[in-house]
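>>> Sequence and predicted model, in that order:
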Amino acid sequence: MKYRDISDALAKLDQIEATAAAYYHAIGILTTDAATAAPSDSYEGRGRTMEVLSGVVYNLVADPENQELLSYLETHKQELNQFRLRQVELLRKQVDQLSRIPQEEYVAYTVLLNQADSVWCKAKNENDFASFAPILEQIVEYNRKFAGYYNPNLCTYDALLNEYEEGLNMQTLDEFFSQLRTALVPLIHAIGQKEQIDDSFLKRSYPIEQQKKFSDYLMEVMGIDPARCTLAETEHPFTNGFNSRDVRITTHYYENDVANSMYSVIHEGGHALYELGGDQSYDFTSIQGGVSMSIHESQSRFYENIIGRSREFVELIFPKMQEFFPEQLKDVTAEQMYRGVNKVQPSLIRTEADELTYCMHIMVRYELEKQLMDGTLQVKDLPQAWNKMYQEYLGVEVPNDSQGCLQDTHWSGGMFGYFPSYALGSAYGAQMKVFMERDIGPIADLISKGELSKITDWLREHIHRYGQLYKPGQLFQMSCGQFDAKYYTDYLTEKYTKLYNL
C-alpha cells in the first residue's frame, strides 16, 4: 500500500491541488497581462513561457500516480466528508480528461490560443477576417478533436457544452431557445411599432478620464473591495478570478458611448462578487470559483440588468452621474436615462444589446457553433453565414466583420460552447429574483435605498459561498427550485410592456 492511511492520501491530494493552483495562477496572470498591458508584439515570448508552464501542468495533472491516488480515495469514500468527496470527483474528471489528450497537443493548443488572441485583436481593429481565419480553423479543429477526449460518449458539440455547464445538451438548448423565441419575438415586433425612445444623449462626448472615475464609483456602489479587485482596460471586457482575495475585471471605454463601459463594469462586477464571495477555505483547491458559466453569467447578468437597468438603480446613481458629466447630462432626467438604457432596438454588437433582443445574439452564435462543430459550415464561410443570420434573427445589415463575426473574443480563446451560458444565466437570474424576494422582500426597495449589500448577501448565502461544492443543477435547485424559463420571459414581458405602454 503506497499510502499509510487516508490522511496521508489527502495530504498528497492537497499538495497536487495547491501546486496546480499556483501554475494556473501564473498562467492566468500572463493571460490577463496579455490582454491589458503587454505590448502587442509580445505574444511570441509569452508563448514560450506558456509552453513551459502548460507542459508542467500537464505532467502534474496527468501523472499516472494520480490515478492510483484517486482510486485509493474512491475506495475509502466512506471516510471522506462532502468537501473531500467533491474534491476527488472534480480532480478525477480533470485527470481522466487530460490523460486522454496527448501532451504535445495540449501544449500546442495552449500556445496557439496565446497567439490567436493577438491575431484576433489586430484582425478586429483592421477589419481583416482573412488574417484570422487560418488560426480560427486550427482552433475549430482542435475543439472537434478535444471534444472526443473530453467525453467520447457524447457528440462533439454536446461534449463542448458540458465543459461550461455540466449536463447541458443541444436538445435542452433547442427547447429553451424555442421557448424564448415564442415569447419574445412578438414582444420585440410590437415594440418596433411604437415610437422610439430618444437615447441620443448617451452618444455625446463623455471624457474617458471621467468615465474611469465613474467606473470606480460604480464598483463602490456594488460593494466591490478595491483591495481585492482591480479594474483594467482591454479590447473585450472579461473577469479573471484567481482566489477570493484576487479578482481582475476589465472594461473598454468609448468616448461617444458612456453606457457601454458603464454596463460592462456592472456586468464584470457581478462576476467579481461571485468570485470574491466564495468560502476562503476553498481557495487553491478545485472547489474554488464559480461552478459553471451559466451560474456565473446569472450573477453578472443579474447585476447588469435586473439591478443595473432598473429604474431604482438609475435613480440612485443619476445625481452622481450628473456630477461626473455635468455638461453632457444637464438637460437629461433620471427617467430619460432609465428609458435610454432600456431602449429596445435590434443592433449589431452583443455586449451593447438591449435586454430584450440580447438572446437573439446568443442564438446566432449557438447556431453557427453547431454548424462549425458538425462540419456543415467552414470557417472561410463564417462571415457570410453570420451576416445572413443577423439579417434573419435581428433584421440588421452587418457593415463589416469587425462589427460582425470578429466582435467577440470567445472563439479566439477556444471557448466553443460558452455562449449559451449568457442566455441561460439571464434566465437563471430572473428566477433567482423571484426566490430572493420571497426571503428579503422587493429588491426595488433595497436598490432605492442603496442597500445592494442585502441583495449580494442573499446571493452569497445561496450561490457564492459554495464555490463548486455542488453540481450546477443541484446548486440552482437548492436555491431556486426546478428551472423554468417562464420566470425569465414573464420578467421581460412585464418590464417592457410597462416601459412601452403596450
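Looks like it arrived, so ask away. For clarity, every value in this text was computed on a predicted model and none was experimentally measured.

>>> now the strands for the stretch 301-450 of the chain?
Assigned by DSSP state E, counting those that start in this stretch, the strands in the stretch 301-450 of the chain number zero.

>>> no no, the chain
All strands of the chain, identified by DSSP state E, fall at 229-233, 239-243, 246-251.

>>> want to throw those strands into a markdown table with mean pLDDT?
As requested, the strands of the chain are exported to a markdown table (pLDDT from 0 to 100):
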| stretch | mean pLDDT |
| --- | --- |
| strand 229-233 | 97 |
| strand 239-243 | 96 |
| strand 246-251 | 97 |
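
>>> Out of those strands, which is the most enclosed?
strand 246-251 (a mean of 23; mean count of other CB atoms under 10 Å). For the C-beta atoms, the positions are set from N, CA and C on the backbone; glycine is no exception.

>>> Direction included, what does that strand pair up with?
strand 229-233 (parallel), strand 239-243 (antiparallel) (DSSP bridges).

>>> Indicate which one of those strands is closest to H462.
With CB to CB, the closest approach to H462 among those belongs to strand 239-243: 18.7 Å.

>>> Export only the CA atoms of the closest one, formatted as CSV.
Once non-C-alpha atoms are left out, strand 239-243 reads as follows in CSV (Å, rounded to 0.1, in the frame of the first residue of the first chain):
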residue,chain,number,x,y,z
THR,A,239,-13.1,38.7,-15.5
ASN,A,240,-10.3,36.6,-14.1
GLY,A,241,-10.7,35.3,-10.6
PHE,A,242,-7.6,33.7,-9.0
ASN,A,243,-8.9,33.3,-5.5
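
>>> hang on, isn't K122 packed against Y43?
No: between K122 and Y43 there is no contact under CB atoms under 8 Å: 10.3 Å.

>>> Dump the strands of the chain to JSON lines, plus distance to D117.
Shown next, in JSON lines, are the strands of the chain (distance: least, CB to CB, whole Å):
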{"stretch": "strand 229-233", "distance to D117": "15"}
{"stretch": "strand 239-243", "distance to D117": "13"}
{"stretch": "strand 246-251", "distance to D117": "13"}
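
>>> mind checking which of those is nearest R48?
strand 239-243 (21.4 Å).

>>> Quick check: mean pLDDT of stretch 312-320?
Taken as a whole, stretch 312-320 has a mean pLDDT of 98.

>>> What residues sit buried inside it?
E312, F313, V314, E315, L316, I317, F318 (16 or more other CB atoms under 10 Å).

>>> Now, these that are in helices?
Taking DSSP state H as the definition of helices, those contribute E312, F313, V314, E315, L316, I317, F318.

>>> Looking at the residues you listed, which one is closest to M373?
F313 (38.8 Å).

>>> Tell me the spacing between the closest one and M222.
Separation of F313 from M222 (CB to CB, to the nearest Å) stands at 10 Å.

>>> show me where the stretch 351-500 of the chain has helices.
Under the criterion DSSP state H, counting those that start in this stretch, the stretch 351-500 of the chain carries helices at the ranges 358-374, 382-394, 420-440, 443-448, 452-462, 472-480, 486-499.

>>> The closest residue in space to Q138 that isn't next to it in sequence: neighbour count?
Nearest non-adjacent residue to Q138, counting by CB to CB, 6 or more residues apart in numbering: L112, 6.0 Å away. The burial count assigned to L112 is 18, neighbours taken as other CB atoms under 10 Å.

>>> Go ahead and confirm L112 touches Y142.
Yes: counting by CB under 8 Å, Y142 is a contact partner of L112 at 7.2 Å.

>>> which parts of the helix ranked longest in the chain are buried?
Assignment by DSSP H gives helix 6-36 as the longest helix of the chain. If you call a residue buried by 16+ other CB under 10 Å, then helix 6-36 has these buried ones: 9-10, 12-13, 16-17, 20-21, 26-27, 30-32, 34-36.

>>> And for stretch 119-126?
Neighbour count says stretch 119-126 has V119, W120, C121, A123, K124 buried, by 16+ other CB under 10 Å.

>>> how about it as CSV, C-alpha atoms only?
Extracted as CSV, the C-alpha positions of stretch 119-126 are listed here (Å, rounded to 0.1, in the frame of the first residue of the first chain):
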residue,chain,number,x,y,z
VAL,A,119,-4.1,37.9,-34.1
TRP,A,120,-7.8,38.3,-33.4
CYS,A,121,-7.3,41.7,-31.7
LYS,A,122,-5.3,43.0,-34.8
ALA,A,123,-7.8,41.5,-37.2
LYS,A,124,-10.8,43.1,-35.4
ASN,A,125,-9.2,46.5,-35.4
GLU,A,126,-8.2,46.3,-39.1
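
>>> Now do that stretch: everything it contacts.
Applying CB atoms under 8 Å, 6 or more residues apart in numbering, the external contacts of stretch 119-126 come out as 40, 128-129, 131-132, 135, 235, 402, 406-407, 409, 411-412.

>>> What's the PyMOL line that selects buried ones from those?
To isolate the buried members of the contacts of stretch 119-126 in PyMOL, using 16+ other CB under 10 Å:
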select buried, resi 129+132+135+235+402+406+407+409+411+412
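
>>> Please identify which of the strands of the chain is closest to F416.
Among the strands of the chain, if distance is taken as CB to CB, the winner is strand 239-243, at 19.5 Å.

>>> neighbouring contacts of the closest one?
Contacts of strand 239-243 (CB under 8 Å, 6+ apart): 21, 25, 28-29, 31-32, 247-250, 268, 271-272, 274-276, 283-284, 288-290, 300.

>>> try 7 Å
25, 28, 31-32, 247-249, 268, 271-272, 275, 283-284, 288-289 (CB atoms under 7 Å, 6 or more residues apart in numbering).

>>> cool, stretch 490-502 as well?
A183, L184, L187, A190, I191, K194, R339, N342, V344, E355, L356, A430.

>>> roughly how far out does that stretch sit from the chain middle?
26 Å (CA atoms, centre = their mean, to the nearest Å).

>>> For it, which residues meet the burial criterion?
Buried, per 16+ other CB under 10 Å, within stretch 490-502: Y491, L492, T493, K495, Y496, L499, Y500.
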